[in-house]
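*Asks:* structure, please.
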Amino acid sequence: MRWFLLTALLRGVAPGEPRQRPGKCDPPQSQSDMNSFLWTVKSPAPSPPSYLFGTIHVPYTRVWEFIPDVSKRAFQTSANVFFELDLTDPLTISKLTSCQLLPNGENLQALLPRDLYRRLKRHLDYVRHMMPHWMTADQRGRGLYADYLFNAIAGNWERKRPVWVMLMVNSLTESDVRSRGTPVLDLYLAQEADRMGKRTGAVERVEEQCQPLNGLNFSQVTGGVGGG
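*Replies:* Next up is the predicted model:
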């Protein structure tokens, strides 16, 4: 059976003949201009090939039209699709939420320098105020409300570890807010795989994703939080 393995860590492609590509900011003009981010792992006949695909954690609508047909065909013809994490599993989501929390009931206010904490709180108050203006008519038509969306993204932020607060703040931009409700590429492909009756799974555990970030020292994280 064909296997299709997705990873957000892959940023290269298999070596091939060099050819001139459009500039980094130019949209591709044809299929040949698109970088597939797809590796093919060939097996002796009659075994079918397997694939390794480099994905990215952004709303799939931003990149779907730039994914070449060869990658889409590899996904469609594979019977097994494996992801970094199973984002369709409620237990995975629950574990991801838990790993972001400070231990022993600690509060972010007690950890951050007073000035940095105040700046962070002012920024989040500003985002909450702007959220109704940033949301799209389509989001409101689907029953999303500004307060609900803000709480979904930033709720319980005072209980989170600084590194996760930093990542949260980086995602609280107008463009990111306007794309909320659209699944990221990984989740979209997982949902499609499930809809098509493919066997799905994950190659990593939540702990393997969380521990490296939670292991960053305080100065590394607060530098990121205060740098905006």
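*Asks:* tell me where the chain has strands.
*Replies:* Counting by DSSP state E, residue ranges of the strands within the chain are 3-7, 38-41, 50-54, 80-83, 199-202.
*Asks:* just checking, what packs against the fourth one?
*Replies:* Contact analysis of strand 80-83 by 3 or more C-beta pairs under 8 Å, 6 or more residues apart in numbering; DSSP states H and E lists strand 3-7, helix 185-195, strand 199-202 as its packing neighbours. In this view, the C-beta of every residue, glycine as well, is placed from N, C-alpha and C.
*Asks:* so which bits of it are buried?
*Replies:* Using 16 or more other C-beta atoms under 10 Å as the test for burial, strand 80-83 gives 81, 82, 83.
*Asks:* can you redo those as a markdown table with pLDDT and distance to residue 183?
*Replies:* Compiled in a markdown table, those are given as follows (pLDDT from 0 to 100; distance: C-beta to C-beta, whole Å):
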| residue | pLDDT | distance to residue 183 |
| --- | --- | --- |
| 81 | 93 | 15 |
| 82 | 93 | 18 |
| 83 | 91 | 12 |
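*Asks:* looking at those residues, which is nearest residue 106?
*Replies:* Taking C-beta to C-beta as the measure, residue 106 sits nearest to residue 83 out of the buried residues of strand 80-83, at 31.8 Å.
*Asks:* that closest one reaches residue 199, doesn't it?
*Replies:* No - in this structure, residue 83 sits apart from residue 199 without contact. The criterion is C-beta atoms under 8 Å, and the distance is 12.0 Å.
*Asks:* where's the residue most central in space within the chain relative to residue 84, distance?
*Replies:* What sits nearest the mean C-alpha location of the chain, by C-alpha atoms, centre = their mean, is residue 57, with 2.7 Å. Counting by C-beta to C-beta, to the nearest Å, the gap between residue 57 and residue 84 amounts to 9 Å.
*Asks:* swap in residue 175?
*Replies:* Using C-beta to C-beta, residue 175 is found at 24 Å from residue 84.
*Asks:* and the two? which has more neighbours close in?
*Replies:* Neighbours per residue, other C-beta atoms under 10 Å: of residue 175 and residue 84, the larger number sits with residue 84, 18 against 10.
*Asks:* the more buried one against residue 206, yeah?
*Replies:* No - with contacts counted by C-beta under 8 Å, residue 84 stays clear of residue 206, the gap being 10.2 Å.
*Asks:* so, low pLDDT: which residues of this structure?
*Replies:* Flagging of the chain using pLDDT under 70 yields the residue ranges 1-36, 217-228.
*Asks:* show me where it has its helices.
*Replies:* 60-63, 69-77, 90-99, 108-111, 114-134, 137-141, 146-154, 162-170, 174-178, 185-195, 206-214, 218-225 (DSSP state H).
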